[in-house]
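**Q** Pasted the sequence and its predicted model underneath.
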Amino acid sequence: MGLMDILNTIQNSGAASDPRARPAPTSPGTSQGMSPIAKALLALLAVYAMKNMKRADSAPNQPGGRSGDVNAGLPGGGTAGGGGGGLGDLLRGTLGGVLGGAAAGTVLNGGLGGLLKQFQENGQGDVAHSWIGTGPNKSISEGDLASALGGDTLDTLSSQTGMGREDLLSGLSRQLPHFVDSLTPDGRVPSEEEAQRML
(Lines give C-alpha, C1' and ligand atoms only; values in the text may rest on other atoms or scores of the structure.)
Protein backbone atom coordinates (compact mmCIF):
# COMPACT_ATOMS: atom_id res chain seq x y z
CA MET A 1 0.00 0.00 0.00
CA GLY A 2 1.35 3.41 -0.94
CA LEU A 3 1.44 6.49 1.25
CA MET A 4 -1.30 8.18 -0.78
CA ASP A 5 -3.55 5.14 -0.27
CA ILE A 6 -2.87 5.24 3.48
CA LEU A 7 -3.71 8.95 3.67
CA ASN A 8 -6.86 8.46 1.56
CA THR A 9 -7.99 5.73 3.97
CA ILE A 10 -7.42 8.11 6.89
CA GLN A 11 -9.34 10.89 5.15
CA ASN A 12 -12.25 8.59 4.34
CA SER A 13 -12.53 6.91 7.75
CA GLY A 14 -15.05 8.82 9.79
CA ALA A 15 -15.15 11.76 7.40
CA ALA A 16 -18.93 11.91 7.47
CA SER A 17 -19.15 12.32 11.23
CA ASP A 18 -15.82 13.90 12.20
CA PRO A 19 -15.00 17.45 11.04
CA ARG A 20 -11.29 16.80 11.74
CA ALA A 21 -11.25 14.15 9.02
CA ARG A 22 -12.96 16.25 6.36
CA PRO A 23 -10.80 17.97 3.77
CA ALA A 24 -10.37 21.65 4.36
CA PRO A 25 -11.76 23.95 1.68
CA THR A 26 -9.26 24.29 -1.11
CA SER A 27 -7.83 27.47 -2.50
CA PRO A 28 -5.18 27.99 -5.15
CA GLY A 29 -1.74 26.97 -3.89
CA THR A 30 -2.94 24.62 -1.13
CA SER A 31 -2.79 20.85 -0.91
CA GLN A 32 -5.88 19.77 -2.78
CA GLY A 33 -8.50 18.87 -0.21
CA MET A 34 -6.17 17.10 2.23
CA SER A 35 -7.75 16.74 5.65
CA PRO A 36 -6.08 18.56 8.54
CA ILE A 37 -5.24 15.28 10.28
CA ALA A 38 -3.58 13.90 7.12
CA LYS A 39 -1.54 17.13 6.95
CA ALA A 40 -0.67 16.70 10.63
CA LEU A 41 0.57 13.15 10.05
CA LEU A 42 2.77 14.25 7.14
CA ALA A 43 4.05 17.27 9.07
CA LEU A 44 4.83 15.00 12.02
CA LEU A 45 7.04 12.86 9.78
CA ALA A 46 8.73 15.98 8.40
CA VAL A 47 9.43 17.37 11.89
CA TYR A 48 10.96 14.10 13.08
CA ALA A 49 12.92 13.58 9.88
CA MET A 50 14.46 16.99 10.48
CA LYS A 51 15.14 16.23 14.15
CA ASN A 52 16.62 12.87 13.17
CA MET A 53 18.96 14.57 10.70
CA LYS A 54 19.96 17.18 13.30
CA ARG A 55 20.80 14.42 15.78
CA ALA A 56 22.88 12.61 13.18
CA ASP A 57 24.73 15.82 12.32
CA SER A 58 25.23 17.00 15.90
CA ALA A 59 28.44 16.57 17.83
CA PRO A 60 28.57 13.48 20.09
CA ASN A 61 28.86 15.65 23.22
CA GLN A 62 25.65 17.54 22.44
CA PRO A 63 22.85 16.29 24.69
CA GLY A 64 20.01 14.46 22.97
CA GLY A 65 16.37 15.18 23.51
CA ARG A 66 14.22 17.93 22.16
CA SER A 67 15.48 20.42 19.67
CA GLY A 68 14.82 23.99 20.66
CA ASP A 69 13.34 25.12 17.34
CA VAL A 70 11.56 22.50 15.29
CA ASN A 71 10.75 25.15 12.69
CA ALA A 72 14.38 25.83 11.82
CA GLY A 73 15.12 24.72 8.30
CA LEU A 74 11.50 24.28 7.27
CA PRO A 75 10.55 26.30 4.22
CA GLY A 76 8.74 29.44 5.28
CA GLY A 77 9.84 28.96 8.87
CA GLY A 78 7.90 25.78 9.34
CA THR A 79 5.18 25.43 6.74
CA ALA A 80 5.79 21.77 5.95
CA GLY A 81 2.30 21.40 4.53
CA GLY A 82 1.76 24.87 3.23
CA GLY A 83 2.50 25.09 -0.44
CA GLY A 84 2.38 23.14 -3.63
CA GLY A 85 -0.35 21.45 -5.55
CA GLY A 86 -1.38 17.88 -4.93
CA LEU A 87 -0.20 15.34 -2.41
CA GLY A 88 2.52 14.06 -4.72
CA ASP A 89 3.94 17.59 -5.00
CA LEU A 90 3.77 17.95 -1.23
CA LEU A 91 5.64 14.70 -0.65
CA ARG A 92 8.29 15.12 -3.30
CA GLY A 93 8.63 18.87 -3.09
CA THR A 94 7.92 20.32 0.32
CA LEU A 95 8.71 17.28 2.45
CA GLY A 96 11.64 16.28 0.26
CA GLY A 97 12.98 19.83 0.45
CA VAL A 98 12.68 20.04 4.22
CA LEU A 99 16.02 18.35 4.64
CA GLY A 100 18.00 20.23 2.05
CA GLY A 101 16.83 18.32 -1.00
CA ALA A 102 16.67 14.88 0.63
CA ALA A 103 14.56 12.38 -1.25
CA ALA A 104 11.02 11.89 -0.01
CA GLY A 105 11.92 8.28 0.89
CA THR A 106 14.63 9.63 3.19
CA VAL A 107 12.09 11.91 4.85
CA LEU A 108 9.60 9.07 5.30
CA ASN A 109 12.24 6.66 6.65
CA GLY A 110 14.01 9.23 8.85
CA GLY A 111 10.77 10.76 10.06
CA LEU A 112 9.30 7.45 11.07
CA GLY A 113 12.55 6.39 12.77
CA GLY A 114 12.83 9.73 14.57
CA LEU A 115 9.21 9.61 15.71
CA LEU A 116 9.62 6.12 17.12
CA LYS A 117 12.81 7.14 18.91
CA GLN A 118 10.90 10.07 20.46
CA PHE A 119 8.24 7.68 21.78
CA GLN A 120 10.94 5.36 23.16
CA GLU A 121 12.71 8.23 24.93
CA ASN A 122 9.44 9.37 26.51
CA GLY A 123 8.27 6.06 27.96
CA GLN A 124 5.92 5.07 25.13
CA GLY A 125 8.24 2.64 23.34
CA ASP A 126 6.04 -0.42 23.96
CA VAL A 127 3.03 1.35 22.51
CA ALA A 128 4.90 2.57 19.43
CA HIS A 129 6.48 -0.84 18.83
CA SER A 130 3.01 -2.43 18.86
CA TRP A 131 2.15 -0.20 15.88
CA ILE A 132 5.17 -1.52 13.96
CA GLY A 133 4.75 -5.16 14.93
CA THR A 134 2.35 -7.53 13.27
CA GLY A 135 0.07 -7.92 16.31
CA PRO A 136 -2.71 -5.61 17.50
CA ASN A 137 -1.99 -1.89 17.86
CA LYS A 138 -2.04 -0.52 21.39
CA SER A 139 -3.93 2.72 21.83
CA ILE A 140 -2.37 5.87 23.22
CA SER A 141 -4.16 8.43 25.34
CA GLU A 142 -4.17 12.07 24.33
CA GLY A 143 -2.20 12.92 27.49
CA ASP A 144 0.50 10.31 26.81
CA LEU A 145 0.69 11.45 23.20
CA ALA A 146 1.08 15.09 24.26
CA SER A 147 3.86 14.12 26.70
CA ALA A 148 5.65 12.02 24.10
CA LEU A 149 5.54 14.64 21.33
CA GLY A 150 6.12 17.73 23.45
CA GLY A 151 4.68 21.21 23.23
CA ASP A 152 7.02 22.50 20.53
CA THR A 153 6.00 19.77 18.09
CA LEU A 154 2.30 20.19 18.89
CA ASP A 155 2.56 23.95 18.36
CA THR A 156 4.21 23.35 14.98
CA LEU A 157 1.52 20.89 13.93
CA SER A 158 -1.25 23.22 15.12
CA SER A 159 0.12 26.12 13.13
CA GLN A 160 0.53 24.02 9.99
CA THR A 161 -2.91 22.42 10.10
CA GLY A 162 -5.02 25.14 11.69
CA MET A 163 -6.23 22.59 14.26
CA GLY A 164 -6.50 23.40 17.94
CA ARG A 165 -4.38 21.28 20.25
CA GLU A 166 -7.37 19.32 21.60
CA ASP A 167 -8.61 18.37 18.11
CA LEU A 168 -5.06 17.63 16.99
CA LEU A 169 -4.40 15.27 19.91
CA SER A 170 -7.77 13.58 19.48
CA GLY A 171 -7.17 12.98 15.78
CA LEU A 172 -3.57 11.86 16.20
CA SER A 173 -4.37 9.49 19.05
CA ARG A 174 -6.93 7.79 16.79
CA GLN A 175 -5.04 7.86 13.49
CA LEU A 176 -1.33 7.60 14.37
CA PRO A 177 -1.40 3.90 15.36
CA HIS A 178 -3.00 2.94 12.02
CA PHE A 179 -0.73 5.32 10.10
CA VAL A 180 2.48 3.86 11.58
CA ASP A 181 1.12 0.31 11.22
CA SER A 182 0.36 0.93 7.53
CA LEU A 183 3.84 2.37 6.92
CA THR A 184 5.48 -0.70 8.47
CA PRO A 185 3.78 -3.67 6.76
CA ASP A 186 6.78 -5.96 7.29
CA GLY A 187 6.93 -5.33 11.05
CA ARG A 188 9.86 -2.89 10.79
CA VAL A 189 10.68 0.64 9.66
CA PRO A 190 11.13 0.55 5.88
CA SER A 191 14.53 1.32 4.39
CA GLU A 192 14.91 4.55 2.40
CA GLU A 193 14.54 2.55 -0.82
CA GLU A 194 11.40 0.82 0.41
CA ALA A 195 9.99 4.12 1.66
CA GLN A 196 10.65 5.72 -1.72
CA ARG A 197 8.65 2.97 -3.41
CA MET A 198 5.69 3.74 -1.11
CA LEU A 199 5.41 7.15 -2.75
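**A** Looks like it arrived, so ask away.
**Q** Would you list the phi and psi of Pro185?
**A** Backbone torsions of Pro185, given as degrees, to the nearest 10, read phi -70, psi -20.
**Q** Just the pLDDT at it, thanks.
**A** In this model, Pro185 is scored at 86, pLDDT.
**Q** Now do it: how many residues are near it, please.
**A** Pro185 has 13 neighbouring residues, counting by other C-beta atoms under 10 Å. C-beta: built from backbone N, CA, C; applies to glycine.
**Q** What count of nearby residues applies to Asp144?
**A** Asp144 has 17 neighbours, counted by other C-beta under 10 Å.
**Q** Let me know the helix or strand that it is in.
**A** Using DSSP states H and E, Asp144 falls within helix 142-149.
**Q** Same question for Phe179.
**A** Judged by DSSP H and E, Phe179 forms part of helix 165-183.
**Q** hang on, the earlier thing: so for the helix holding Asp144, mean pLDDT?
**A** For helix 142-149, the mean per-residue pLDDT is 96.
**Q** So what touches it?
**A** With contact meaning C-beta atoms under 8 Å, 6 or more residues apart in numbering, helix 142-149 is reached by 44, 118-119, 122-124, 127, 140, 154, 165-166, 169-170, 172-173, 176.
**Q** Show me where this structure dips below the pLDDT cut-off.
**A** By pLDDT under 70, the low-scoring segments of the chain are 1, 11, 13-33, 52, 54-103, 199.
**Q** Spell out the residue ranges of the helices in it.
**A** With DSSP state H as the criterion, the chain has helices at 3-12, 36-57, 87-89, 96-98, 104-121, 125-132, 142-149, 151-161, 165-183, 192-198.
**Q** tell me which strands and helices the first one is in contact with?
**A** Judged by 3 or more C-beta pairs under 8 Å, 6 or more residues apart in numbering; DSSP states H and E, the packing partners of helix 3-12 are helix 36-57, helix 87-89, helix 165-183.
**Q** Out of the ones you listed, the one nearest Asn109 is which?
**A** Asn109 lies closest to helix 36-57 among the helices and strands packed on helix 3-12, at 8.0 Å (C-beta to C-beta).
**Q** Many thanks, I have nothing further to ask.
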